[in-house]
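J.: The following comprises the amino acid sequence and a computationally predicted model.
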Amino acid sequence: MKQYEYMAPCHFGIEAVLKRELQDLGYEITQVEDGKITFKGDQSAIARANIFLRTAERIMIKAGKFQAKTFDDLFESTKAVPWENYLPKDAKFWVTKATAVKSTLMSTTDIQSIVKKAIVERLKSVYGVEWLSETGAKYPIRVNLIKDEVTIGIDTTGVSLHKRGYRLATAKAPLSETLAAALIMLTPWKKDRILIDPFCGSGTIAIEAAMIGANIAPGINRSFIAEHWTNIILAKDWYNAIDEAYRAINKDVEMHIQAFDLDPEMVKSARENAERADVSEFIHFQQRDFHDLKSPKKYGFIITNPPYGERLEEKSDMPKLYSDIGKTFAQLDSWSYFIISGYDEAAKYIGKKPAKNRKIYNGMLKTYYYQYMGPKPPRKD
């Protein structure tokens with residue numbers, strides 16, 4: 001089978017999680033960069049990566065990589081890429097996004113226009129036509145320039161992979177599904193351990209944990225733009241990947257996941273989101289103030305995304321909030337707790353130095369993932 005090189009972008013700071021996911025799927029990693037993993041696979045990897053990966057934002061075929069300091073360089077090098085290997089004669093294609101960082105060429109609109117023109121010229125020459133109808137399947141193209149190095153990818157995903165399809169209602173500052181999954185996978189939590197999110201909002205952390213525990217593939221109930229392609233990936237590849245995903249589901253598991261929020265409307269929305277994700281049976285939702293957090297269990301996990309004063313007027317509330325979080329969580333003295341926050345003084349007011357503090361970029365917002373490890377529970381006989 002023909003091998004392709006793929007690019008899977010992710011949130012900055014969670015590359016190690018995505019790398020592990022790709023290796024678990026059986027793919028060879030060729031490069032790890034900030035916010036992106038490159039890997040090799042045959043055409044079926046388009047379906048499997050899109051359906052199974054929990055922490056990637058999208059899957060792109062890597063079409064070309066080259067240096068360009070002038071627009072002439074950009075045009076000629078783009079035209080030299082064998083686009084006929086990826087785009088059929090009737091393909092509808094456009095440069096959906098261009099980014100440029102520390103590069104000589106910085107005008108993203110010009111980059112988009114020139115790349116499109118170069119591809120058109122290449123395909124007109126190869127297919128022996130004067131114009132391209134562009135009436136067929138869609139092939140969105142993305143261009144990225146970093147220090148004059150150009151990478152061009154063809155998007156196989158369409159709507160970003162964090163859109164699982166279950167979350168219609170969101171909180172004021174929602175955590176994306178991909179980032180929530182990564183936060184869970186950065187901890188030692190397993191499905192047989194109790195997990196509580198006392199600031200659950202729209203329920204994303206609890207829902208993603210339940211999907212991980214029941215082995216429900218995140219892309220099982222959504223569509224992808226490459227499903228309409230017929231030149232690279234076959235329909236049977238999609239059917240096989242979906243069959244693989246359904247066979248892997250295990251609903252015969254016992255999980256103890258709890259999700260609390262002070263806002264009754266958020267609790268209602270979170271419960272509805274869990275029902276759409278088909279994991280409501282595994283999660284206990286409740287309207288509750290985090291100050292009332294208690295558990296008879298000696299060991300457990302807290303993974304949460306508390307408010308961190310995104311608005312200026314909320315900043316003054318943060319010291320007391322995080323001080324209260326520290327005092328409340330300390331009562332569960334043998335639990336492990338993991339807190340993501342954009343508030344850079346959170347650890348100071350929690351009153352305890354975290355075992356680890358990982359920087360993760362939530363879009364353009366720098367956040368900190370404070371990891372407080374409790375003692376390991378004794379082994380079960």
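T.: Everything's here; your move.
J.: Show me where the stretch 201-350 of the chain dips below the pLDDT cut-off.
T.: Flagging of the stretch 201-350 of the chain using pLDDT under 70 yields the residue ranges 309-313.
J.: can you rerun that using 80?
T.: Within the stretch 201-350 of the chain, the ranges that satisfy pLDDT under 80 run 308-315.
J.: Nearest residue to Tyr337 in space, please, no chain neighbours.
T.: Counting by CB to CB, 6 or more residues apart in numbering, the nearest residue to Tyr337 once its immediate chain neighbours are dropped is Ile302, at 3.8 Å. C-beta here means a position set from N, CA and C on the backbone, and glycine is covered the same way.
J.: would you list every one of the strands in this protein?
T.: Secondary structure of the chain (DSSP state E): strands at 4-9, 28-33, 36-41, 60-67, 92-101, 138-146, 149-155, 195-197, 257-261, 283-287, 301-304, 336-341, 356-362, 365-372.
J.: In a markdown table, list those strands along with distance to Ala235 and mean neighbour count.
T.: Written out in a markdown table, the entries for these read as follows (distance: least, CB to CB, whole Å; neighbours: other CB atoms under 10 Å):
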| stretch | distance to Ala235 | mean neighbour count |
| --- | --- | --- |
| strand 4-9 | 18 | 22 |
| strand 28-33 | 26 | 12 |
| strand 36-41 | 18 | 21 |
| strand 60-67 | 18 | 19 |
| strand 92-101 | 19 | 16 |
| strand 138-146 | 17 | 21 |
| strand 149-155 | 19 | 22 |
| strand 195-197 | 38 | 26 |
| strand 257-261 | 36 | 25 |
| strand 283-287 | 35 | 18 |
| strand 301-304 | 38 | 25 |
| strand 336-341 | 40 | 24 |
| strand 356-362 | 36 | 14 |
| strand 365-372 | 40 | 19 |
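J.: For Ile325, which of these is the nearest?
T.: Distances from Ile325 to each of these were compared by CB to CB, and the smallest falls on strand 336-341, at 7.2 Å.
J.: hang on, the earlier thing: of the strands of the chain, which approaches Arg164 most closely?
T.: With CB to CB, the closest approach to Arg164 among the strands of the chain belongs to strand 283-287: 15.3 Å.
J.: Pretty sure the residue nearest to Tyr337 sits against Ala330.
T.: No - contact criterion CB atoms under 8 Å: Ile302 and Ala330 do not qualify, at 11.4 Å.
J.: What distance do you get for the residue nearest to Tyr337 to Tyr127?
T.: 58 Å (CB to CB, to the nearest Å).
J.: ok so, going back, I'd like the strands of the chain written out as JSON lines, with distance to Val120 added.
T.: Output for the strands of the chain, formatted as JSON lines (distance: least, CB to CB, whole Å):
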{"stretch": "strand 4-9", "distance to Val120": "23"}
{"stretch": "strand 28-33", "distance to Val120": "29"}
{"stretch": "strand 36-41", "distance to Val120": "27"}
{"stretch": "strand 60-67", "distance to Val120": "15"}
{"stretch": "strand 92-101", "distance to Val120": "9"}
{"stretch": "strand 138-146", "distance to Val120": "12"}
{"stretch": "strand 149-155", "distance to Val120": "14"}
{"stretch": "strand 195-197", "distance to Val120": "50"}
{"stretch": "strand 257-261", "distance to Val120": "51"}
{"stretch": "strand 283-287", "distance to Val120": "51"}
{"stretch": "strand 301-304", "distance to Val120": "48"}
{"stretch": "strand 336-341", "distance to Val120": "44"}
{"stretch": "strand 356-362", "distance to Val120": "35"}
{"stretch": "strand 365-372", "distance to Val120": "38"}
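J.: closest one to Glu244 among these?
T.: Closest approach to Glu244 among the strands of the chain is made by strand 36-41 (14.3 Å; CB to CB).
J.: Now tell me what touches the closest one from outside.
T.: 3-10, 15, 18-19, 22, 27-32, 45, 48-49, 56, 62 (CB atoms under 8 Å, 6 or more residues apart in numbering).
J.: do the same with stretch 345-358
T.: For stretch 345-358, using CB under 8 Å, 6+ apart, the contacting residues are 13, 186, 308, 318-323, 325-327, 329-330, 339, 368-373.
J.: Now do the contacts for the residue nearest to Tyr337.
T.: Taking CB under 8 Å, 6+ apart as the criterion, Ile302 is in contact with Leu195, Ile196, Asp197, Pro198, Leu293, Phe329, Leu332, Trp335, Ser336, Tyr337, Phe338, Ile339.
J.: and what of Ala241?
T.: Applying CB under 8 Å, 6+ apart to Ala241 gives the contacts Ser44, Ala47, Arg48, Ile51, Phe52.
J.: just those residues now: which is nearest Ile114?
T.: Each of those was scored against Ile114 by CB to CB, and Ala47 proved nearest at 32.1 Å.
J.: Asp148 versus that closest one, what's the distance?
T.: In this structure, Ala47 and Asp148 are separated by 34 Å, where distance is defined by CB to CB.
J.: Looking at the two, which is more packed in?
T.: When Ala47 and Asp148 are compared for neighbours, Ala47 comes out ahead with 27 against 17, by other CB atoms under 10 Å.
J.: Which pLDDT value goes with that one?
T.: Ala47 carries a pLDDT score of 98 in this model.
J.: got the contact list for it?
T.: Under the criterion of CB under 8 Å, 6+ apart, the contact partners of Ala47 comprise Phe224, Ala226, Ile233, Asp237, Trp238, Asn240, Ala241, Ile242.
J.: Near the third one, how many other residues are there?
T.: Pointing back at Ile233 there. Burial of Ile233 is recorded as 22 neighbouring residues (other CB under 10 Å).
J.: what does the fifth one give?
T.: Trp238: 20 surrounding residues under other CB under 10 Å.
J.: thought it was touching Glu227?
T.: Yes - applying CB under 8 Å as the test, Trp238 and Glu227 come out as touching, 5.9 Å apart.
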